[in-house]
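Asker: Quick one, fold the following:
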Amino acid sequence: MPKAVVFDMDGLLLDTEKLLVKFWIQAAHEAGFEMTRETALNLRSLHRSFAVPYLKGLFGESFDYIKIRSRRMELMRGYLSENPLELKKGAKELLEYLCGKNIPAAVCTATDNERAAEYLKTAGIFDYFGKIICASMVKKGKPEPDIYLYAANVLGYEPRECIALEDSPNGIKSALSAGFITIMIPDLTKPDEKSDLFGTADSLYDVIGIIENMQE
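Answerer: Here you go, the predicted structure:
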């Protein structure tokens, strides 16, 4: 059995990745930049230190990351003020399973602590998590391993004793390079067949079966 399970948040626990992609594109377009869906997808879980040079490399120095990102966040807040925050399939079932097995659960997200806590509370799953670990707590965020190494340290376990659940390539790279048992639950991107993933699952509910099989 794993000693702990660490969850990404957007696109993994919460069905918000599609919104982040949509509003990145809209905010960029409003600022005069023709951002494609592919570019927006590449921003998922990408730390600011990597996102800024990536976007300036595509659009030039005039791309105001802070201003456009702030607009994206404003659009997101407006949407969520009128629409429910949707949980991904199987989220509560997996969290209940882990609780019943006394396996600690934590969140490892690029989202800041305040918004992460707000989202998890709104979705009704905040109390399942002992720790919420955010990119602001480490020097380098995803796709670097720092955030997952920090998570393992905070939880008190070796990375190889913990499962990481991710949906995006940047998150997968981070967890794998940190040495976690990494499982992908695809959201907007399919898994790379050449990756070192421990496994993939169609939903969070299916992760229960993967964990059960680890005991055999």
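
Asker: mind listing what Val21 touches?
Answerer: Neighbour list for Val21: Arg37, Ala40, Leu41, Leu43, Arg44, Leu188 [criterion: Cβ atoms under 8 Å, 6 or more residues apart in numbering]. (C-beta placed from N, C-alpha, C; glycine too.)

Asker: likewise Lys142?
Answerer: Taking Cβ under 8 Å, 6+ apart, we find Lys142 in contact with Ser45, Leu46, His47, Ala110, Ala135, Asn170, Gly171, Lys173, Ser174.

Asker: Please identify which pair of those residues lies farthest apart.
Answerer: Ala135 and Lys173 (14.1 Å; Cβ to Cβ).

Asker: So which of these two has more stuff around it?
Answerer: Ala135 (25 against 19; other Cβ atoms under 10 Å).

Asker: Leaving out the residues flanking it, which one is nearest to that one?
Answerer: Leaving out its chain neighbours, the residue that sits closest to Ala135 by Cβ to Cβ, 6 or more residues apart in numbering is Gly141, at 3.4 Å.

Asker: and the one you found, what helix or strand is that in?
Answerer: Per DSSP states H and E: Gly141 is located in neither a helix nor a strand.

Asker: and it, how far is that from Ala123?
Answerer: 22 Å (Cβ to Cβ, to the nearest Å).

Asker: which one of these two has more residues nearby?
Answerer: The neighbour comparison of Gly141 against Ala123 (other Cβ under 10 Å) goes to Gly141, with 24 against 20.

Asker: For that one, which residues are in contact?
Answerer: Ser45, Leu46, His47, Arg48, Ser49, Phe50, Ala110, Ala135, Ile147, Ser174.

Asker: just Leu149 next, same as before
Answerer: Counting by Cβ under 8 Å, 6+ apart, Leu149 touches Pro159, Ala178.
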